[in-house]
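[1] sequence and predicted model, in that order:
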Amino acid sequence: MAVTTTLKLPEKLKARIARLARETGRSAHSLMIEALEREVTREERMKAFVRDALAAKADIEAGGAVYRAEDVHAWMDRLAKGEKPPRPAPWRR
């Protein structure tokens, strides 16, 4: 069930939304809902990315495997060409 929320928009932003709504034949409401959904999804993905990056850093600091970038890139290039190359060897543990 949808709930009502009130937003105080700057006049210039409100005018831009209204103009875009007229030009696209959509409602201002649908444009704002779509924009909010997109931004919330982006923020959630960024939060997950940072969480994963910090976990990877902790893993490396605890002695996890590290790979040379050029080895990984070469491996990925071969995968993209449809080959089935062996995974690159760790540079250090």
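    Nice, I can see it.
[2] could I get the buried residue list for the lengthiest helix in the chain?
    Longest helix in the chain, counting residues (DSSP state H): helix 28-61. The neighbour-count check on helix 28-61 (16 or more other Cβ atoms under 10 Å) flags Leu31, Met32 as buried. C-betas here are computed from N, CA, C, even on glycine.
[3] and that helix, what does it pack onto?
    The contact analysis (3 or more Cβ pairs under 8 Å, 6 or more residues apart in numbering; DSSP states H and E) places helix 28-61 against helix 11-24.
[4] okay, buried residues for the helix it packs on please.
    Residues of helix 11-24 classed as buried: Ile17, Ala21 (neighbour count, 16+ other Cβ under 10 Å).
[5] can I get it in PDB? Just the C-alpha atoms.
    Output of helix 11-24 as PDB, limited to C-alpha atoms (Å, rounded to 0.1, in the frame of the first residue of the first chain):
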ATOM      1  CA  GLU A  11      10.800  26.200  -7.500                       C
ATOM      2  CA  LYS A  12      13.400  25.600 -10.300                       C
ATOM      3  CA  LEU A  13      13.400  21.800  -9.700                       C
ATOM      4  CA  LYS A  14       9.600  21.700  -9.600                       C
ATOM      5  CA  ALA A  15       9.400  23.700 -12.900                       C
ATOM      6  CA  ARG A  16      12.000  21.300 -14.500                       C
ATOM      7  CA  ILE A  17       9.900  18.300 -13.400                       C
ATOM      8  CA  ALA A  18       6.700  19.900 -14.700                       C
ATOM      9  CA  ARG A  19       8.300  20.700 -18.000                       C
ATOM     10  CA  LEU A  20       9.700  17.200 -18.400                       C
ATOM     11  CA  ALA A  21       6.300  15.700 -17.500                       C
ATOM     12  CA  ARG A  22       4.600  17.700 -20.200                       C
ATOM     13  CA  GLU A  23       7.300  16.900 -22.800                       C
ATOM     14  CA  THR A  24       7.200  13.200 -22.100                       C
END
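[6] distance between that helix and the chain's centre?
    Chain-centre distance of helix 11-24: 27 Å, with Cα atoms, centre = their mean, to the nearest Å.
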